[in-house]
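In: sharing a sequence plus its predicted fold:
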Amino acid sequence: MSDTTQNGPMLAADGTTLKRSLARSLRREKTRALLLISPLLFFVFLSFIVPIVSMLFRSVENSIVQDTLPETVVALQSWDAQSGELPDEDVYAAFVRDMLVAIDEKTHTRLGSRLNYEETGMSSMFRRSGRQIKRLDPVEDAPFKDKLIEIHDGWGEVQTWAVIKTHSVQYTDGYFLNAIDMQRTVDGPAVQPENKQILIQLFWRTLQMSLIITGFCILLGYPVAWILANLPMRTANLLMILVLLPFWTSLLVRTSAWKVMLQQQGVINDVLVWLGMVDDAARLIIINNQIGTIIAMTHILLPFMILPMYSVMQTIPPTYLRAAKSLGASNWTAFWRVYFPQSVPGIGAGSILVFILAIGYYITPEIVGGTKGVFISNRIAYHISSSLNWGLAAALGTILLAAVLILYWAYDKIVGIDNVKLGG
Amino acid sequence: MATLTPVSRKPFSFVGPVMASAGAVLGLFVGTANGSGFVGVLVGAAVLAAIAWALMQFSVPERIGRWSVFALFAVAGFLLSGIPGLVAGGLAGWFYGWFHYWLFEGRYRAKLQPYLTSGQVLWHYAFRVICGAIFVFLITPILVVLPLSFNAQDFFTFTPEMLRFDPEGYSLKHYRDFFTNNEWQRSFKNSLIIAPIATIISVSLGTLAAIGLSQSHVPGRRAIMAMLISPMIVPLIISATGMFFFYSTIGNFLEGTLGLDKTFVGYVKVILAHAVLGVPFVIITVTATLVGFDRSLTRAAANMGAGPVRTFFKVQMPLILPGVISGGLFAFITSFDEVVVVLFVGSASQKTLPWQMFTGLREQISPTILAVAAILVVISIALLTTVEFLRRRSEKLRGMSPG
């Protein structure tokens, strides 16, 4: 391919060297491709990637204490929380000055609710003290230490100041510690009290239930994928409709159908009672618990298992199985040693897909899961809309996202993102 | 499939016990429903064995035999439990009549390889029954909703009137409620505003990007692809959380600084969020269509003097149109179905149909949901048919499949 061995460099039609001409056309092609992609890339970046990144940022961002109580934070730096003594008058004076500004801007209640996540009671303390601190004058009414303790006992407790000091950093790992049932204290990270430890358990349950659901999907999906791949084309296409119809039906329709079926006065219990298999007084409780979530989610995610398995099994020639049998293998050996190993990529692809989807599910557990069958995502939603502890919600979301991205990476290694197919 | 194995009639020593065990299963259900399961099993087995014996002894012609078994079971069912019994009995009779001749004539062997042992034949059919059960599991929840939506009562189960096929038990009142209730109508209208606009955005940007991605030299193709597909991979609750924080800031800016209308800003936020969620589906389907696209066609068009725009609309577009449309349908259903993001990003005036259903299911469970669900099932059947049709057409156009 070297062009110097011939008589001079090879020339393109317009007289430039071929090499340069090719490079130019390649460059032009690349630019055109990027130009075509860039509007969407920009759009996705702005309205999806940036929000996700800002959520990640929010899980460590903690400037509220510093912004609301700037002078106090500086004054507290010289105070040793472990000494067991209250801070000096300086700190109290700085605190009153900060509070007067904050009360003017009405930001002290927000700080109160922020600190309330760490120490229950802080919110009402800030709100109540705020009304009385408002009447103080930063110069004339000094000293403040006793006055503040008179306003609220809380200001006379070391713990209050310790909490303010520990959470006065700009970027905190506090939310992440909370997310794994720990808390930030003056002595460094510590385990939460027993009665507040629910999140690790919830993570564990999410993981466990997602695995169970994935397992059921493999169990139910494998025979179906097999039969679809081994039936004649026309029949298989007809049966495929039975798989694709649930896939296309609205998620809420399927969830409400399960709610209707699983209720104690619902279709399944009615049929069982009618058949005499269950006593009317002892109807099965299969909703608002883990069983309900597992049944409904297995049904909802089953097509996502069948479709990848089917596309893999379609490529396995049926003659292999016959060859194995004609060489003397029993049914089981032929299946287990010849067919099954070839279908493993399909199982892997389907499992990861189902697991990724299951681990982040929100709607179905919320409706059929009751209190026992909910996932970590329901907790995130709770912190966003009810408890308004957004930092914790963001931290939980970040952990979940990290888990999903690892799985996604594994999926890419096994299947390849480009090979994702929809609807068979 | 042609017959693989010559079939022959089977003796009673084979047909009798098999029929008896099939009868025992039915007997178990009827028996437990009427008091004693054990008696039911015995009676069921005896009755079916007797029927098999009678049909074989008098060599009843198949047509007459099947009709009489059918009639016998239907009458027995009617006597036991009225109209529902008639239907159930009729179905059972039809099945047993068919089953008897299927066994007796040896038809079950016809389509199997001649060398299979009887154990293998049994497994072959047992496997089919298992698969059938899984298909039933897949489809039942969707089918159950349809008749229940015509319930005259506010119950979520079949009332005795419905089981008797009494016209009194059925009504259209839940549908009437859906079409007259303001809440439902407004949410339906919101869905019809948001989903199409979001679809148009994701389809137009997505198709351009897919064409760009299918060029032979794209720097950083994998990274770009990963980024564009990420909205599908990231769990919805996380996307919703991120968008909740981000879009409230954007919304405050648009409302406060630019002074735009609050409702309008709300719609913009939801539409943009839904458009992003639809993008991966468009990308995936359109790039899949472009894989089989013959590049020499565009070169031929250029050769004949067509500009890139003309080539795109006259040559490329008609060929990839099926993929674009099915990608669009995916994007549409994503938005039309989506509830988590709209719950977080939208406000009450952007309440969509799924949102309304979600609150309906969580708080005041109203049977109108079933009517809505039935309508949505019909819509999804229509969408599925369209997409399947388009997929086949596109495969045919590209010559990838014989049929």
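Out: Ah, there it is.
In: which positions in the stretch 51-200 of chain B make contact with chain A?
Out: B:120, B:123, B:127-128, B:130-131, B:134-135, B:137-142, B:144-145, B:148, B:155-158 (C-beta under 8 Å from any C-beta of the partner chain). In this view, the C-beta of every residue, glycine as well, is placed from N, C-alpha and C.
In: the same query, at a cut-off of 6 Å, please.
Out: By the rule C-beta under 6 Å from any C-beta of the partner chain, the part of the stretch 51-200 of chain B lying against chain A is B:Ile130, B:Cys131, B:Ile134, B:Phe135, B:Leu138, B:Ile139, B:Pro141, B:Ile142, B:Val144, B:Val145, B:Phe156, B:Thr157.
In: please state the backbone phi and psi of the residue lying closest to A:Arg128 once chain neighbours are set aside?
Out: Distance criterion C-beta to C-beta, 6 or more residues apart in numbering or on different chains; nearest residue to A:Arg128, sequence neighbours excluded, is A:His152 at 6.3 Å. Main-chain dihedrals, A:His152, degrees, to the nearest 10: phi -150, psi 130.
In: which elements pack onto the strand or helix carrying B:Ala302?
Out: Secondary structure from DSSP states H and E places B:Ala302 in helix B:295-303. Applying 3 or more C-beta pairs under 6 Å, 6 or more residues apart in numbering or on different chains; DSSP states H and E, we find helix B:295-303 packed against no helix or strand.
In: determine how far that helix lies from the middle of the whole chain.
Out: Averaging C-alpha positions (C-alpha atoms, centre = their mean, to the nearest Å) puts helix B:295-303 41 Å from its chain's average.
In: walk me through the domains of chain A.
Out: A:1-58, A:64-196, A:199-419 (automatic domain parsing).
In: could you identify which of those domains is most buried?
Out: domain A:199-419 (a mean of 19; mean count of other C-beta atoms under 10 Å in any protein chain shown).
In: that one and chain B in contact?
Out: Yes - for domain A:199-419, a contact with chain B is found by C-beta under 6 Å from any C-beta, at A:220, A:223-224, A:227, A:242, A:244, A:246, A:248-254, A:256-258, A:260-261, A:265-267, A:270, A:275-276, A:360, A:362, A:367, A:377, A:380, A:393, A:397, A:401, A:404, A:408, A:417.
In: for the nearest residue to B:Phe104 once chain neighbours are set aside, what are its contacts?
Out: Excluding its sequence neighbours, the residue lying closest to B:Phe104 (C-beta to C-beta, 6+ apart) is B:Val15, at 5.2 Å. B:Val15 sits next to B:Ala52, B:Leu103, B:Phe104 when contact means C-beta atoms under 6 Å, 6 or more residues apart in numbering or on different chains.
In: JSON lines for the domains of chain A, including mean pLDDT and distance to B:Leu254?
Out: Output for the domains of chain A, formatted as JSON lines (pLDDT from 0 to 100; distance: least, C-beta to C-beta, whole Å):
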{"stretch": "domain A:1-58", "mean pLDDT": "83", "distance to B:Leu254": "14"}
{"stretch": "domain A:64-196", "mean pLDDT": "81", "distance to B:Leu254": "23"}
{"stretch": "domain A:199-419", "mean pLDDT": "88", "distance to B:Leu254": "21"}
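In: so which residue of the stretch 101-250 of chain B comes closest to chain A?
Out: For the stretch 101-250 of chain B, the residue closest to chain A is B:Pro235, as judged by C-beta to the nearest C-beta, at 2.2 Å.
In: pretty sure that residue contacts A:Ala358?
Out: No - with contact defined as C-beta atoms under 6 Å, B:Pro235 does not reach A:Ala358; the gap is 9.6 Å.
In: re the thing from before, can you read off the pLDDT for the residue of the stretch 101-250 of chain B closest to chain A?
Out: Each residue has a pLDDT score; the one for B:Pro235 is 89.
In: what of B:Pro280?
Out: So B:Pro280 comes in at 91 (pLDDT).
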